[in-house]
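Colleague: Build me a structure from this.
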Amino acid sequence: MENPEDKIICPLCGQEHVEEVFDTKEELIEHTANEFTTQIFEEFWRHRKEDFKNLSKREMAEEVFFQAIAEFMHNTLPDELPKEEDKK
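Modeller: This next block holds a predicted model:
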């Protein structure tokens, strides 16, 4: 039987999810990446497929790598970069 305290509302899809416990960081990352891919890829593909059609496999891989790094930085860096006087 599910414990109602284990359910959380997903801010992306608005659905309840049973909280899962992961043993390793890698398991958490794989699960989360799979969930995002399942839920968001179709919309992403609809908007970007024309951009990707003419790319070689290497260009496609480079673009995917770039997007992953850019998204990671967007999600981890603060919105405001330190000002020069803050660096001293």
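
Colleague: need the strands for the chain, in chain order.
Modeller: Counting by DSSP state E, the segments of the chain that form strands are 7-9, 16-18.

Colleague: Which parts of stretch 70-87 count as buried, going by neighbours?
Modeller: Going by neighbour count (16 or more other CB atoms under 10 Å), nothing in stretch 70-87 comes out as buried. The C-beta positions use only the backbone N, C-alpha and C, and glycine is treated the same way.

Colleague: and it, how far out from the chain's middle?
Modeller: Chain-centre distance of stretch 70-87: 18 Å, with CA atoms, centre = their mean, to the nearest Å.

Colleague: show me where this structure has helices.
Modeller: Ranges of helices within the chain are 25-52, 57-76, based on DSSP state H.

Colleague: Just want the angle from the longest one to helix 57-76.
Modeller: Translated: helix 25-52. For helix 25-52 against helix 57-76, the angle by axes from the mean of the first three to the mean of the last three CA atoms, to 10 degrees is 120 degrees.

Colleague: what's the average pLDDT for helix 25-52?
Modeller: Taken as a whole, helix 25-52 carries a mean pLDDT of 87.

Colleague: Kindly report the same for the last one.
Modeller: Taken as a whole, helix 57-76 has a mean pLDDT of 90.

Colleague: List the contacts of that helix.
Modeller: Residues outside helix 57-76 that contact it (CB atoms under 8 Å, 6 or more residues apart in numbering) are F52, L55.

Colleague: Renumber starting at 37 from here on
Modeller: I'll keep to 37 as the first residue from here, and by that count the last item is helix 93-112.

Colleague: Dump that helix to PDB, keeping only the CA atoms.
Modeller: Provided in PDB are the C-alpha atoms of helix 93-112 (Å, rounded to 0.1, in the frame of the first residue of the first chain):
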ATOM      1  CA  LYS A  93      26.300  12.400 -37.300                       C
ATOM      2  CA  ARG A  94      29.300  14.200 -35.900                       C
ATOM      3  CA  GLU A  95      27.700  17.600 -36.100                       C
ATOM      4  CA  MET A  96      24.600  16.200 -34.400                       C
ATOM      5  CA  ALA A  97      26.700  14.600 -31.600                       C
ATOM      6  CA  GLU A  98      28.500  17.900 -31.100                       C
ATOM      7  CA  GLU A  99      25.200  19.800 -31.000                       C
ATOM      8  CA  VAL A 100      23.700  17.400 -28.500                       C
ATOM      9  CA  PHE A 101      26.900  17.700 -26.400                       C
ATOM     10  CA  PHE A 102      26.900  21.500 -26.500                       C
ATOM     11  CA  GLN A 103      23.200  21.600 -25.600                       C
ATOM     12  CA  ALA A 104      23.800  19.300 -22.600                       C
ATOM     13  CA  ILE A 105      26.700  21.400 -21.300                       C
ATOM     14  CA  ALA A 106      24.800  24.700 -21.900                       C
ATOM     15  CA  GLU A 107      21.700  23.400 -20.100                       C
ATOM     16  CA  PHE A 108      23.800  22.100 -17.200                       C
ATOM     17  CA  MET A 109      25.500  25.500 -16.800                       C
ATOM     18  CA  HIS A 110      22.200  27.300 -17.100                       C
ATOM     19  CA  ASN A 111      20.800  25.200 -14.300                       C
ATOM     20  CA  THR A 112      23.800  25.500 -12.000                       C
END
